[in-house]
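Novice: got a structure for you, letters missing:
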């Protein structure tokens, strides 16, 4: 019997922290100073987490009419106006202004579209990423898309999941749901792709693992059509052919270090992805049991239960048992790290 989706408490609006308000106001000042028509939107996980009442410090800002580098240059030009004279008497410090201008970085990959370029700038002690809204075109044998400028709706539909496709429009202080179901799926606790799941996964098979990771992390239910697509032969082959072992290992690390590692591994097993994700040499002695996947999950489950049982234990700096405390923060990373290394063998 299929599990019922959880009922999730989702806020009607986003409450900004004082620092977030400070950052967003500064960006709007830049827009007004240069008479720009640019719409500033916070994208993805920050919006999702804020609606769930969780704090998030990963702010990615999408721009509708310029590259991230170009907007960061506007910020620097604006701030340079306030480095002398009367600006020294303003409420913000000159140290912060210097921090803006110095701590800016630009990242691009010459082998990919220039529209994939991301700029990063430090504002009020927080790193902010700036990138333009994008639309994607995929080739048959690569998960790396060709990028072009896109609309906010196109950018939302290219996202991996509907719950990650939401925007917070800084100009209007409002949440935007261009897929029409991001907030609905968040409230109903469902993992759904904006576009048909098989097409989504064939374009970028890594999205299968991300869907599993977010499903386990939030305790959400995987959409039935998504599960069928994730376990089909074409998608399984695409995972093996298009994704490097390093990228797969990174996703597994995030699952193992998350709050529901057993659930994540169980999803992988149930979707018949275990042999694709945890590949083994063609000839192994002794022979691998047909129940190897369930056996592995059993070991992970035992390790996770061990963490719970020794939750009152701690280790000193030499990683030796010293006694019982109320803090398990020293134990969990060690055990999870060992589970992660074990899970990535092969």
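Specialist: Thanks, I have it. Treat the numbers as computed from the prediction; the structure is a model and nothing was measured.

Novice: which intervals of this protein have sub-threshold pLDDT?
Specialist: 1-5, 82-116, 137-146, 284-290, 311-346 (pLDDT under 70).

Novice: which residues of it fall in strands?
Specialist: Ranges of strands within the chain are 40-43, 59-63, 104-107, 118-123, 126-132, 134-137, 146-149, 167-169, 174-176, 190-191, 221-222, 313-315, 321-324, based on DSSP state E.

Novice: What strands flank the fifth one, and is each parallel or antiparallel?
Specialist: Strand 126-132 has these partner strands in its sheet, going by DSSP bridges: strand 59-63 (parallel), strand 118-123 (antiparallel).

Novice: Distance from the first one to the middle of the chain?
Specialist: Per Cα atoms, centre = their mean, to the nearest Å, the displacement of strand 59-63 from the mean C-alpha position of its chain is 13 Å.

Novice: Which positions in that strand come out as buried?
Specialist: For strand 59-63, a neighbour-count test (16 or more other Cβ atoms under 10 Å) marks 59, 60, 61, 62, 63 as buried. The way it works is simple: take the backbone N, C-alpha and C, and place the C-beta from them, glycine included.

Novice: so how far is residue 40 from the third one?
Specialist: Here the criterion is Cβ to Cβ, to the nearest Å. By it, residue 61 lies 6 Å from residue 40.

Novice: which neighbours do these two share?
Specialist: Taking Cβ atoms under 8 Å, 6 or more residues apart in numbering as the contact criterion, the common neighbours of residue 61 and residue 40 are 27, 170.

Novice: Okay, the residue most central in space within the chain and residue 123: tell me how far apart.
Specialist: To find the centre residue of the chain, average its C-alpha atoms and take the closest one (Cα atoms, centre = their mean): that gives residue 45, at 6.0 Å. Using Cβ to Cβ, residue 45 is found at 18 Å from residue 123.

Novice: What separation do you get for residue 30 and residue 190?
Specialist: 38 Å.

Novice: out of these two, which sits in the more crowded spot?
Specialist: Set residue 30 next to residue 190 and count neighbours by other Cβ atoms under 10 Å: residue 190 wins out with 22 against 19.

Novice: Bridged to the more buried one, which residues?
Specialist: When residue 190 is checked against DSSP bridges, its beta-bridge partners turn out to be residue 221.

Novice: go on, residue 60?
Specialist: Taking DSSP bridges as the rule, residue 60 bridges to residue 129.

Novice: Would you mind measuring from it to residue 68?
Specialist: Noted for residue 60: a distance of 10 Å to residue 68, by Cβ to Cβ.

Novice: Check the contact lists of these two and give me the overlap.
Specialist: Common neighbours of residue 60 and residue 68 (Cβ under 8 Å, 6+ apart) are 129, 131.

Novice: so which of the strands of the chain gets nearest residue 268?
Specialist: Comparing these by their distance to residue 268 (Cβ to Cβ), the top pick is strand 221-222, with 11.4 Å.

Novice: How far does the closest one sit from its chain's centre?
Specialist: Relative to the chain's own centre, strand 221-222 is displaced by 18 Å; criterion: Cα atoms, centre = their mean.

Novice: Please name every helix or strand in contact with it.
Specialist: Contacts defined by 3 or more Cβ pairs under 8 Å, 6 or more residues apart in numbering; DSSP states H and E place strand 221-222 against strand 190-191, helix 206-218.

Novice: Which one of the strands paired with strand 126-132 lies nearest to residue 177?
Specialist: With Cβ to Cβ as the yardstick, what comes closest out of these is strand 59-63 (14.6 Å).

Novice: Contacts for that closest one next, please.
Specialist: The list of residues contacting strand 59-63 from outside it, by Cβ under 8 Å, 6+ apart, reads 20, 23, 27, 38-46, 68, 71, 126, 128-133, 152, 155, 167, 170.

Novice: rerun at 6 Å
Specialist: Around strand 59-63, the neighbours that count as contacts under Cβ atoms under 6 Å, 6 or more residues apart in numbering are 38, 40-44, 46, 71, 128-130, 132-133.

Novice: Could you single out the nearest of those residues to residue 280?
Specialist: Distance ranking of these against residue 280, using Cβ to Cβ, places residue 44 first at 34.7 Å.

Novice: quick one, what contacts the closest one?
Specialist: Applying Cβ under 6 Å, 6+ apart, the residues near residue 44 are 60, 164.

Novice: and with 10 Å instead?
Specialist: Shown in contact with residue 44 (Cβ atoms under 10 Å, 6 or more residues apart in numbering): 56, 58-60, 62, 156, 159-161, 163-168.
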